[in-house]
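Undergrad: I'll drop the sequence and a predicted model, then ask my questions.
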Amino acid sequence: MLKTLDPLLSGALLQILADMGHGDEIVIVDANYPASANAKRLVRLDGITATAALKAVVSLLPLDDFVDAPAAVMTPATGRPPVLDEFQTLIDGAEGKPIRMTEMERFAFYERARSAYAMIATGERRLYGNIILMKGVIRPDE
């Protein structure tokens with residue numbers, strides 16, 4: 001255990017977050033997502049919600065402010081799942097300002113997620129509990 005770190009941030013996950021460079025992407029996916037078949041590097045957080053995983057990750061990961069939307073979510077053809085509003089609240093809170101999230105249809109999301117640096121498979125049972133995050137930079141004065 002380490003002080004001030006969310007206990008969900010395992011050594012393996014901390015290593016991945018540290019190894020990622022500016023512009024690399026990490027994906028947090030729900031329990032239905034085919035993570036094992038599609039991840040370059042996989043961390044399992046079974047039994048943990050996607051929102052809990054997101055909260056832990058964005059407590060350390062700066063989001064890219066060189067792009068219009070450093071986050072992307074999978075959305076159904078109709079409607080907006082409530083989990084996406086929770087994602088929005090968490091990333092806005094972590095960055096201290098509104099952050100744009102791109103909405104993607106399922107297969108476009110799958111395609112983009114395959115090229116991500118790493119993937120976190122959660123136990124999230126709510127449908128569409130999937131988000132892609134692009135790592136930003138930490139400036140010298142931060």
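TA: Right, received. Where do you want to start? All figures in this text were calculated on a predicted structure; none of them were measured in a lab. Numbering: from 1, shown residues only.

Undergrad: tell me where this protein has strands.
TA: For the chain, the strands defined by DSSP state E occupy 25-29, 42-45, 71-74, 101-104, 118-122, 131-134.

Undergrad: who does the first one pair up with?
TA: Which is strand 25-29. Using DSSP bridges, the strands paired with strand 25-29 are strand 118-122 (parallel), strand 131-134 (antiparallel).

Undergrad: nearest to residue 64, out of the strands of the chain?
TA: Judged by CB to CB, the one of those that comes nearest to residue 64 is strand 131-134, at 4.3 Å. Quick note: C-beta positions are derived from backbone N, CA and C, even for glycine.

Undergrad: which residue sits closest to residue 29, ignoring its sequence neighbours?
TA: Among residues not flanking residue 29 along the chain, residue 130 sits closest, at 4.8 Å (CB to CB, 6 or more residues apart in numbering).

Undergrad: wait, what's in contact with that neighbour?
TA: Neighbouring residues of residue 130 by CB atoms under 8 Å, 6 or more residues apart in numbering: 27, 28, 29, 30, 33, 50, 73, 74, 109, 113.

Undergrad: residues near residue 85, how many?
TA: Using other CB atoms under 10 Å, residue 85 has 10 neighbouring residues.

Undergrad: if I look at it, how far off is residue 135?
TA: According to CB to CB, to the nearest Å, residue 85 and residue 135 sit 23 Å apart.
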